[in-house]
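Visitor: Coordinates for the following, if possible.
(one chain, ligands or ions: 1)
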Amino acid sequence: MSLTWIDGREVAKKWKENAAQRAQALTEKGVTPHLAVIVAGDNPASQVYVRNKENACLRAGIRSTILRLPESCTQEELESAVVALNADQSVHGILVQLPPVSYTHLPLPKGLDEARVLALIDPEKDVDGFHAMNAGKLMSGQPGFVPCTPLGVMKLLEAYNIPTRGRHAVVIGRSNIVGKPMAMLLLAADATVTVCHSKTENLADITRQADILVAAVGKANFVTGDMIKPGATVIDVGINRVDGTLVGDVNAEEAAQKAAYLTPVPGGVGQMTIAMLLSNTLDAAERHGR
Ligand code: NAD
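Guide: Next up is the predicted model:
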């Protein structure tokens, strides 16, 4: 069985080049595409994510504004920041940097209610696709903003001509930002979709039936070789830090013995997330047209 590594860096590069062309076309029409990011507190991982997004915007010619709120900010301050960005006609995309997944099991700093903040974002500017309006649109097959990571996975499958129609896709994970939208996108692409999660019984029996296996669990090396059908496409969404290095949710060494296609970590899905954020921001700016 020969293995093809899915090169997220290469695919993302093309999307970023395309984003730069779209940004330039908008700028020539007098519209400066503009993404605003709100980050509360000084969580170092959040700061790194925000800096990466800022750099990618600048390279693509997208204006980026970072609103840094202090660790001590209140719910009201956070919400007013969103309301002000909603009203700001120069802003096309808004995102609130959520705490990284590895921190989500800790109580949120100062008890800030993220759900309430996300619900306040104008759905037309919700380039992360986390607002219930956009989640509902995805569910009902209407155009809207789609969360960047699962959207990036679909673009990787397309780039490698991996068929989805009639294939059995198994998604491990049911979060609102990865697992659930991933399942919806695969369903819309005519796959037969199974969603597995922490309460799933006989997980390996199910994953072994997958033509396309997407791991979004948040546990290093969770998917082992015996869980993979020979010849499957294995998409590793996981980003876990183990002894200072990044490791996926899939045991890559074992998966490489079984899979026909496999995404590396790093250099796989993660590369696509930012590329899709640029693309969503440009969609917003093109739609808005000012
Ligand atoms: P999450 O913690 O919100 O969700 C994890 C999911 O895994 C849950 O739905 C849970 O039911 C499931 N799960 C946990 N233990 C399980 C088990 N033993 N068996 C089966 N399912 C189990 O995490 P998330 O936000 O969906 O992120 C998942 C992973 O993807 C993390 O590693 C995260 O860092 C990574 N991630 C990567 C990107 C990227 O750009 N590549 C973006 C977002 C998230």
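Visitor: alpha carbons only for contacts and neighbour counts from here, please
Guide: Will do.
Visitor: Enumerate the residues of the stretch 101-250 of the chain near the ligand.
Guide: Taking CA under 6 Å from any ligand atom as the contact definition, the stretch 101-250 of the chain meets the ligand at 101, 149, 172-175, 177-179, 196-198, 216-218, 237-240.
Visitor: repeat that for 8 Å
Guide: 101-102, 104, 148-149, 172-179, 196-200, 203, 215-220, 222, 236-240, 248-249 (CA under 8 Å from any ligand atom).
Visitor: tell me, how many neighbours does A132 end up with?
Guide: The tally of other residues near A132 (other CA atoms under 10 Å) stands at 14.
Visitor: mind listing what E54 touches?
Guide: Contact partners of E54, counting by CA atoms under 8 Å, 6 or more residues apart in numbering, are S64, T65, I66.
Visitor: Now it: which helix or strand?
Guide: helix 44-60 (DSSP states H and E).
Visitor: repeat for I66
Guide: With DSSP H and E as criterion, I66 is part of strand 63-69.
Visitor: Just the buried residues of the helix or strand that that strand is followed by, please?
Guide: In the C-terminal direction, the helix or strand that comes right after strand 63-69 (DSSP H and E) is helix 75-87. The neighbour-count criterion (16 or more other CA atoms under 10 Å) identifies Q75, L78, E79, V82, L85, N86 as the buried residues of helix 75-87.
Visitor: got a list of what the first one touches?
Guide: Under the criterion of CA under 8 Å, 6+ apart, the contact partners of Q75 comprise L112, D113.
Visitor: coming back round to it: just the buried members of the residues of the stretch 101-250 of the chain next to the ligand?
Guide: Buried by 16+ other CA under 10 Å: 148-149, 172-174, 177-179, 196, 215-220, 222, 236-240, 248-249, out of these.
Visitor: before we move on, back to that, just the ones in helices from the residues of the stretch 101-250 of the chain next to the ligand, please.
Guide: C148, T149, G179, L203 (DSSP state H).
Visitor: Hmm, the first one is touching T273, no?
Guide: Yes. Counting by CA atoms under 8 Å, a contact exists between C148 and T273, whose distance comes to 5.1 Å.
Visitor: mind listing the strands for the stretch 151-290 of the chain?
Guide: Under the criterion DSSP state E, counting those that start in this stretch, strands of the stretch 151-290 of the chain are mapped to 168-172, 192-196, 212-215, 233-236, 240-242, 245-247, 261-262.
Visitor: Can I get the ones you listed in a markdown table including mean pLDDT?
Guide: Listed next are the strands of the stretch 151-290 of the chain as a markdown table, based on pLDDT from 0 to 100:
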| stretch | mean pLDDT |
| --- | --- |
| strand 168-172 | 99 |
| strand 192-196 | 99 |
| strand 212-215 | 99 |
| strand 233-236 | 99 |
| strand 240-242 | 92 |
| strand 245-247 | 94 |
| strand 261-262 | 98 |
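Visitor: Please tabulate the ones you listed in JSON lines and include distance to N52 as additional columns.
Guide: As requested, the strands of the stretch 151-290 of the chain are exported to JSON lines (distance: least, CA to CA, whole Å):
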{"stretch": "strand 168-172", "distance to N52": "27"}
{"stretch": "strand 192-196", "distance to N52": "31"}
{"stretch": "strand 212-215", "distance to N52": "24"}
{"stretch": "strand 233-236", "distance to N52": "21"}
{"stretch": "strand 240-242", "distance to N52": "17"}
{"stretch": "strand 245-247", "distance to N52": "16"}
{"stretch": "strand 261-262", "distance to N52": "25"}
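Visitor: is it true that K258 touches K229?
Guide: Yes. Using CA under 8 Å, K258 makes contact with K229 at a distance of 6.8 Å.
Visitor: what angle separates the strand holding I66 from helix 75-87?
Guide: 160 degrees (axes from the mean of the first three to the mean of the last three CA atoms, to 10 degrees).
Visitor: Return strand 63-69 as PDB; C-alpha atoms alone will do.
Guide: Presented in PDB, the C-alpha positions along strand 63-69 are these (Å, rounded to 0.1, in the frame of the first residue of the first chain):
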ATOM      1  CA  ARG A  63      -5.900  45.000   7.200                       C
ATOM      2  CA  SER A  64      -5.800  43.500  10.700                       C
ATOM      3  CA  THR A  65      -6.800  45.200  13.900                       C
ATOM      4  CA  ILE A  66      -6.100  43.400  17.200                       C
ATOM      5  CA  LEU A  67      -8.100  44.500  20.200                       C
ATOM      6  CA  ARG A  68      -6.300  43.400  23.300                       C
ATOM      7  CA  LEU A  69      -8.400  43.500  26.400                       C
END
